[in-house]
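1. pasting a predicted model and its sequence here:
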Amino acid sequence: MQETKYWTWHMISGVIILILLGIHMITNHLSSLLGWFNPLGGESTEWGNLIERGKLMAYVIMYVLLLATVLYHGFYGCRKIIFELGISYRYKKVTNILFIIFGVFLFIIGCLATFTFYIIANAAL
Amino acid sequence: MTRQNKSDIVFHVRRYNPEGNEKPYWQNYLVHTETGMTVLDGLMEIKESQDPTLNFRSSCGMGVCGSCGMLINGRPALACSTQILEITDRDLTIAPLPNFDIIKDLVPELSSLFIKHSSVYPYILNNEKDEMDRPTGEFYQDQQELTEYLQFTYCIKCGICMSACPTLSTDPEYLGPQALTQAYRYNRDSRDEGFNVRKEVVSSINGVFKCHYAGECSNVCPKGVDPARAIQLLKRELVLDYLRMKKTKVKCKVCEKRKDSRKPEIPEAPPYDVL
């Protein structure tokens, strides 16, 4: 049953990435064309616009969620590739543990960066 | 009137004897071929008139038993169902099925297939133990319920789908398309209640989620079974079950035997205790 759980969440995370990455692309790369989520006008990557967006808790939540889903989706894919190399059950278990540790580590680093930027953006008022 | 073709075909046959050869080698035979000759006919011709040491497996000669699966011009197929002149007019390469050990020459060791097949409980599992042991009638199944799994019952266990599977070629522990298709076939059967037993096997680390959906198993199946479809439907069943969205099966009714439906000259089966 574990594999069904992992695979189901792999699929769900794929759909979430599609939506959240879409929002990211629209806000950060297409805003000069579409003009959305660009409070101060001009280029979306300008410092002022970044700060304005960074003040919003919704953005923080979105990026934390995107980070979590991307890490899960990516690491699940890597895990499957490694498992297909025909490694023994013991090494599969070790691989699982290493991926969980590395994934959680990257998630914490990412969350710290996101929340730090949220604090900086709000302090810049 | 059909046009008769005749041609001399060179059979490039991969030979290997694990007891005598360090590695496989190719041996060539010239076979006079006419329209209507199958690859199996050609191999029998070689064995009878040129080289009695050539080993291959065959039985029914009409695509029913699944014994003569081999790699013909790079594609796994049944030798008895493959017309030589339909696929070549000069050279024919014949090798044993990939993804299996070789017993000798063109004879693959299919025991891994049968072990995997038996691991998915390929039979009706019903909770009504009394009815299964001492049947009072038949489990009723309508045409629609039969159609849902009918095509998957055509599997002849030839191993051709397994030999075409790219996942199995890198990971021999993967259950493979044959076993997974049979698991789905029994899960879909309205008389069966073994989904929870089978899901432990098919959703294991070597189970259904290793499938990449290359679809080669369906392309090569000589009986027109679609294992790739069965695997995707099996994935769906498992996911819906995990999300608690799977429809519960309607209990299959037992139809009592009608006394007038049986021809009087056919004797009744002996009572259970005698068996």
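-> Yep, that arrived. Numbering: from 1, shown residues only, chains lettered A, B, ... in the order given.
2. elements contacting the top helix by length along chain B?
-> Secondary structure of chain B per DSSP state H: the longest helix is helix B:227-242. In terms of contacts (3 or more Cβ pairs under 8 Å, 6 or more residues apart in numbering or on different chains; DSSP states H and E), helix B:227-242 is packed against helix A:2-28, helix B:176-188, helix B:195-202, helix B:216-220. All C-beta spots, glycine's among them, are computed from the backbone N, C-alpha and C.
3. run the chain-centre distance for it.
-> Centroid separation for helix B:227-242 versus its chain: 19 Å, with Cα atoms, centre = their mean, to the nearest Å.
4. spit out the contact partners of residue 44.
-> Here I'm looking at chain A. By Cβ atoms under 8 Å, 6 or more residues apart in numbering or on different chains, the contact list for A:Ser44 reads A:Thr27, A:Asn28, A:His29, A:Ser31, A:Ser32, A:Phe37, A:Asn38.
5. wrong one, chain B
-> The contact partners of B:Met44, by Cβ under 8 Å, 6+ apart, come to B:Ser58.
6. quick one: low-confidence ranges for chain B?
-> Where chain B drops to pLDDT under 70, the residues are B:1-4, B:257-262, B:272-275.
7. tell me which parts of it are close to chain A?
-> B:167, B:170-173, B:199-200, B:203-205, B:207, B:209-210, B:235, B:238-239, B:241-243 (Cβ under 8 Å from any Cβ of the partner chain).
8. can you tell me which of those are buried?
-> Taking 16 or more other Cβ atoms under 10 Å in any protein chain shown as the criterion, what is buried in the residues of chain B next to chain A is B:167, B:171, B:173, B:199, B:203-204, B:207, B:209-210, B:235, B:238-239, B:241-242.
9. ok, back up a step: ok, which of the helices and strands packed on helix B:227-242 comes nearest B:Lys116?
-> Closest to B:Lys116 of the helices and strands packed on helix B:227-242 is helix B:176-188 (Cβ to Cβ; 4.2 Å).
10. ranges for the helices of chain A?
-> Under DSSP H, chain A gives helices at A:2-28, A:31-34, A:47-54, A:57-83, A:89-123.
11. turn those helices into a markdown table, including mean neighbour count, mean pLDDT and distance to B:Arg191.
-> Formatted as a markdown table, the helices of chain A follow (neighbours: other Cβ atoms under 10 Å in any protein chain shown; pLDDT from 0 to 100; distance: least, Cβ to Cβ, whole Å):
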| stretch | mean neighbour count | mean pLDDT | distance to B:Arg191 |
| --- | --- | --- | --- |
| helix A:2-28 | 15 | 93 | 24 |
| helix A:31-34 | 13 | 71 | 57 |
| helix A:47-54 | 17 | 86 | 59 |
| helix A:57-83 | 16 | 95 | 35 |
| helix A:89-123 | 13 | 94 | 36 |
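12. what's the closest of the ones you listed to B:Ile124?
-> Among these, the nearest to B:Ile124 by Cβ to Cβ is helix A:2-28 (23.4 Å).
13. now do that closest one: which elements does it pack against?
-> Where contact means 3+ Cβ pairs under 8 Å, 6+ apart, helix A:2-28 is packed against helix A:57-83, helix B:227-242.
14. pLDDT at the residue in chain A sticking out farthest from the centre, what is it?
-> Distance from the C-alpha centroid of chain A, by Cα atoms, centre = their mean, peaks at A:Ser88 (31.1 Å). Predicted confidence (pLDDT) at A:Ser88: the value is 88.
15. what separation do you get for it and A:Trp9?
-> Distance, A:Ser88 to A:Trp9, using Cβ to Cβ, to the nearest Å: 25 Å.
16. rewinding a little: need the helices and strands packed on helix B:227-242 in JSON lines (columns: distance to A:Leu65).
-> Listed next are the helices and strands packed on helix B:227-242 as JSON lines, based on distance: least, Cβ to Cβ, whole Å:
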{"stretch": "helix A:2-28", "distance to A:Leu65": "6"}
{"stretch": "helix B:176-188", "distance to A:Leu65": "34"}
{"stretch": "helix B:195-202", "distance to A:Leu65": "30"}
{"stretch": "helix B:216-220", "distance to A:Leu65": "37"}
